[in-house]
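[1] Structure for this input, please:
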Amino acid sequence: MKTLCMYATVRFMPFAETQEFANVGVVLCAPDSGKLRFKLARKRFGRINQFFDDLDGKLYGSTLDLLEAELKRIQDYAFNVPGKNTAALFNELTRHREGVVYFGNVSTAIVDNFDNKLTDLYEHYVERSFLNEKYREDILEKNIRKLFKHEKVEGFKATQLRTKLGEFKLPFVKKGNNGLQVIKPIAFDRKTPLAAYEHANQWIDRFSRLQNDEIVLPENMMLAAEKPKNAEFEDAYIEAVNAAAEQQILIVDANDQQQILVFARASR
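    Numbers count the residues shown, from 1 in each chain. Here you go, the predicted structure:
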């Protein structure tokens, strides 16, 4: 059964002076049935710190807590007043106000499945699922560069490395006391799980080649892999992690800034 819905993005804008914002959630409403649902980003959302690098991290977390509590209260109330009252409630909720959190323009959609629509909207506006795989890895690289700049981690630069079988470029290479130290971000949002695994395995093979040719020591290698959001790709991710472990290659979550910094700052 098709349902008329209204929806809006949730925007986080900590600095009114710049008018810069990040989408941190979506609210979806089906007035006729009194349904009002929302999906918010996690509290440890790397994009917030990367985009607003001078932001007090506690502000985002506490703001999300308050917003979640308020949305739950409104959600419960809307269920008891379906129809025009729910529509009016949604319009009042999303009315533009000055503040750290505000809502984007209200849009409408005819949907077959309410819950699936909420997930689709969240993936599009917050997770940015429309980005292609190469662009996603470019974003991961930019995030790490920004992290290193903010945390004053120096020495890493894009470098072409030559092996006995050929050469390839790595975005993060540093000359340390114990030889070269290398980092490669990897995205798993490929067209198929097999394509995702093959892409990861290509870099595991290249890292193995660097080991075999005694160019980089195993402990000086790190793959920063963004965990797949689609459960269908989970096996590909696990297979890649296991393959890397067999070659003594460290894989960390590409959004785990602390792990990346620990590796980058290690005395090597």
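[2] Was I right to think residue 36 contacts residue 86?
    Yes - contact status for residue 36 versus residue 86: in contact at 6.8 Å, counting by CB atoms under 8 Å. Bear in mind the C-beta positions are built from the backbone N, C-alpha and C, glycine included.
[3] hey, what's in contact with both of the two?
    Common neighbours of residue 36 and residue 86, counting by CB atoms under 8 Å, 6 or more residues apart in numbering, are 29, 78.
[4] Please enumerate the helices of the chain.
    Here the chain has its helices, by DSSP state H, at 46-51, 57-79, 84-93, 114-125, 133-150, 193-212, 234-246, 257-265.
[5] Tabulate the ones you listed (TSV), appending distance to residue 182, mean pLDDT and mean neighbour count.
    Written out in TSV, the entries for the helices of the chain read as follows (distance: least, CB to CB, whole Å; pLDDT from 0 to 100; neighbours: other CB atoms under 10 Å):
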stretch	distance to residue 182	mean pLDDT	mean neighbour count
helix 46-51	21	65	18
helix 57-79	29	88	15
helix 84-93	48	93	16
helix 114-125	31	90	17
helix 133-150	12	86	17
helix 193-212	7	93	18
helix 234-246	13	92	16
helix 257-265	10	94	16
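[6] Of all the ones you listed, which one comes closest to residue 6?
    Of all the helices of the chain, the one in closest proximity to residue 6, counting by CB to CB, is helix 84-93 (5.6 Å).
[7] by contact count, what packs against the closest one?
    Using 3 or more CB pairs under 8 Å, 6 or more residues apart in numbering; DSSP states H and E as the contact definition, the elements that helix 84-93 packs against are strand 22-30, strand 35-40, helix 57-79.
[8] any chance of the ones you listed in TSV, plus distance to residue 179?
    As requested, the helices and strands packed on helix 84-93 are exported to TSV (distance: least, CB to CB, whole Å):
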stretch	distance to residue 179
strand 22-30	39
strand 35-40	44
helix 57-79	35
